[in-house]
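> here is my input; please provide its structure:
(chains A and B)
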Amino acid sequence: MTTETVPQVPSSTSSARSVLQANLRDYGLVVALLAIMVFFQITTNGTMFRPLNLTNVILQNSYIIIMALGMLLVIVAGHIDLSVGSVSGFVGGLAAIMMVRWGIPPLLTMVLCLAVGAAIGAAQGYWIAYLKIPSFIVTLAGMLVFKGLVLALLGGASVGPFPVEFQLLSAGFLPDVFGPITIPQGEGAPLTLHTTTLVIGVLATLVFVFTSLRSRKRRQEHGYEAEPFAVFAVKTAVLGALILFFSYLLASYRGLPNVLIVMSILIAIFVFMTKRTTLGRRIYALGGNSKAAQLSGIKTERLTFYVFVIMGMLAALAGLIFAARLNTATPKAGQGFELDVIAAVFIGGASAMGGVGQVAGAVIGAFIMGVMNNGMSIMGVNIDWQQVIKGLVLLGAVVFDVYNKNKA
Amino acid sequence: MTKTILEMRGITKTFPGVKALQDVNLDVREAEIHAIVGENGAGKSTLMKVLSGVYPAGSYDGEIVYQGQPVAFKTIRDSEHVGIVIIHQELALVPLLSIAENIFLGNEQAKGGVIDWDETRRGARKLLSMVGLQEDPDTLVTHIGVGKQQLVEIAKALSKEVKLLILDEPTASLSEKDSAALLDLLLEFKNQGITSIIISHKLNEISRVADRVTVIRDGRTIETMDRADMSEDRIIASMVGRSLEDRYPKREPKIGEVLFEVKNWSVYHPLHSERQVIKGVDIAVRKGEVVGIAGLMGAGRTEFAMSLFGKSYGRNISGEVFMHGKKVDTSTVRRAVDAGIAYATEDRKTYGLNLIDHIKHNTTLANLPGISRAGVIDDMTEMKVANDYRRMTNIRSSSVYQITGNLSGGNQQKVVLSKWLFANPELLILDEPTRGIDVGAKYEIYTIINKLADEGKGILVISSEMPELLGICDRIYVMNEGRIVGELAGSEASQEKIMRSIVRAEGKTA
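Model (predicted):
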């Protein structure tokens, strides 16, 4: 089918204001996260941005972020998974039994546990996808079942400690292959920097700037709208500087935590999957209008099933990381995680109706929750009031979203 | 007797992209039955929604005078409060509540928030006898037929002390007998002093009960006729406003060999497995041919098409499908699409579009492999595809990034068409392709259909608008109660002949 008309070339740049408006939510989240961090930096007398603390924030929230990736898919597909906390606790317990009681090597244990996670996801997904039982009910049942199973499995006691190789999953840092740099400072101890981390930080920044430039150029070559160069330059420079700044902060402590590497790779995979692959596109269509998706040839049942399998695997991975971090498996592990995970996804802008949500949003949402936990704990806010404040932030974020949508 | 109860003056209502009503005037006298007629999409339902406060005062221009007072309804409750009750085409009953509960929904017979069940049942029984419905008030609404549900709606209206009753196509889904009973009821109400506005397509019903008729076309009032001046010819001329030739673009059919054939297609109801919905249908479509399927509501046309397209409807489906004389498998949507079949649904909002996503993503949804390699989407290819089809189908939007939920009906339909054109089918099944869209957009869609036929594709059009089928089809099948009961060449077909096929078939089965 051809059309004779010459392809119309729209103005190659659009106004800065319209771009800002269109991306208000995306930028707004980043700004909100930074604002919250700066707020705590002040109220905690500079503790927030200390390298040790930042490393801690990442370690403390890694398992929430990893589960938020899967939960984003689940929520975009129009479902919910209440069982992820219990499943992660159960898998952590299972890993402990495997390694400590049965002496299975850590690597094999991890592979087996991920498979168990996938199987749990498949078992739940089967009811939801093929028998059309509401996910809320199936995963509520799953939550109770696995909460009970981990108690039965561990016999109510904690099991640990784990082999050192397993602990590295959470407690380990990237080895410094180049050897540290030491910068003498006028007074006090000299500053030691983790060179490999710095190198990776610089490389990541370069890759980021390069790919941004390339995709902008490609759009313009094809005659499609691109944001004005000033906006583009400021955005890229600020984000690039942030990456450099954080790698510098991490380098000045012990370097890149292993967990951060795992997490970054997963985030990259999920961003790519949701933005660029047909699989991702189909999940959004499924959540947006499942009937229309089905009549467009999308196998909606199988797709829903896969989404829950992925969620199960990520819950298992989160369980392993959490167990490795505590160096022991406890029957209470994972309890209540599902709420933090779901909250992170909704703060990140996903819609409870399905079809809407971004990976980056969910990750930032998880960090907002994590930073608030961390900051309030350092400030000495009681756990009761922490809950109240977190609840209000969740409500506020969603109200802000709905208000914006109605205004548009 | 000639006191005016309602006057609507200079009503203008715009939606993004469409002027639905333009300077519409309507006056309704007390205790008359006033019919409003017009084509689909002419603006009848919009006008009634303006009147009843579904579109709140301020969202339209013009004024409404009711019982001598200017009124500005903000909600449906406001209009109901003064006795204006609208009964929509889609009934607004809660299926799993009882008749009595439905009648008093929102108006519960209660003291201090506690429902008085005796009073509820007594009241319901009284109202049911007024509408002539003999059912226990405790029966669940889901257990009674559509005709009776309609009566429950009317009983509900009566419970609100209705003075002006508005019925939007009340007999569209009723049997002959139920329709007659309903019309008698309206005459009865008239004697009691209740005014009715009835929106209908069925001219025989209008000539039976209406005192006056107002014709609306393309969002404007054309004229109001008294009973003495009413004739079907005059009403039709007024409704259509121009000759058929102008409404359908001309085409020189270039018909080739048989492209698509269905043999002995049978389908059973998805829930009531003993009920056969489609009974041994045989049809064929040639290359470059536009073939219509005519029939009344409930004839099984949509069910037929959806069961063909990946078994999307029904169970125990049997029969054979051939493309180019070769048997093909259409048992899943994917397979049907791969076999070269596309089905554009009659209900674009529920089954056609992802309304929260933009044009670009909707356009490519049925053919994602066409814009991707190894499962990775090429953004630039997708952009080009979306822009090309937007231009070809003439979608009016700011860009391909406009959310489809914000488009007008006509433009939404064009997005659905774009989606299926990009899937590159050989046979395109279009189910009610112009339902609820304005005359201009209809013309554009007919033009697209003609162009596709010229390219050698086969087009199967399902439509309830007989003039449309007569205007665009080379051949028309008539379907009734799941069977093909007639086949007419486009040149010799007429509304009369189609109706005669249906009526003759009804006679046989009765």
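
> do you know how far the residue in chain A that chain B sits nearest to is from A:Ser351?
The nearest approach of chain A to chain B comes at A:Gly288, 3.6 Å away (C-beta to the nearest C-beta). Where you see a C-beta, it was placed from the backbone N, CA and C, and this is true even at glycine. Relative to A:Ser351, A:Gly288 is positioned 9 Å away (C-beta to C-beta, to the nearest Å).

> please apply the same query to B:Thr434.
Distance check for B:Thr434 against A:Ser351: by C-beta to C-beta, it reads 32 Å.

> who's more crowded, the two?
Neighbours around B:Thr434 and A:Ser351, counted as other C-beta atoms under 10 Å in any protein chain shown, are more numerous at B:Thr434. The numbers are 26 against 19.

> with adjacent residues omitted, what lies nearest to the more buried one?
Distances taken as C-beta to C-beta, 6 or more residues apart in numbering or on different chains put B:Lys442 closest to B:Thr434, at 4.4 Å, once the chain neighbours are dropped.

> excluding its backbone neighbours, what's nearest the residue nearest to the spatial centre of chain A?
Using C-alpha atoms, centre = their mean, the residue of chain A that lies closest to the mean C-alpha position is A:Ile65, 3.2 Å off. In space, and not counting its chain neighbours, A:Ile65 is closest to A:Ala366: 4.5 Å by C-beta to C-beta, 6+ apart.

> can you count the residues close to the one you found?
Burial of A:Ala366 is recorded as 27 neighbouring residues (other C-beta under 10 Å).

> then B:Ala342?
For B:Ala342, which is what you asked about, the neighbour count (other C-beta under 10 Å) is 26.

> so it touches B:Leu427, yeah?
Yes. Applying C-beta atoms under 8 Å as the test, B:Ala342 and B:Leu427 come out as touching, 7.3 Å apart.

> could you export stretch A:236-252 as CSV, CA atoms only?
What follows is stretch A:236-252 as a C-alpha-only set of coordinates in CSV (Å, rounded to 0.1, in the frame of the first residue of the first chain):
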residue,chain,number,x,y,z
THR,A,236,21.7,14.5,29.5
ALA,A,237,24.3,16.6,31.4
VAL,A,238,22.4,16.4,34.7
LEU,A,239,21.7,12.7,34.5
GLY,A,240,25.3,12.0,33.3
ALA,A,241,26.7,14.1,36.2
LEU,A,242,24.5,12.2,38.6
ILE,A,243,25.9,8.8,37.5
LEU,A,244,29.4,10.2,37.8
PHE,A,245,28.7,11.7,41.2
PHE,A,246,27.2,8.4,42.6
SER,A,247,30.0,6.3,41.2
TYR,A,248,32.5,8.7,42.9
LEU,A,249,30.6,8.4,46.2
LEU,A,250,30.5,4.6,45.9
ALA,A,251,34.2,4.5,44.9
SER,A,252,35.1,6.4,48.0
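
> now the strands for the stretch 401-510 of chain B?
Remark: strands assigned in the stretch 401-510 of chain B by DSSP state E, counting those that start in this stretch are B:427-431, B:458-462, B:475-480, B:483-489.

> fine by me, we can end here.
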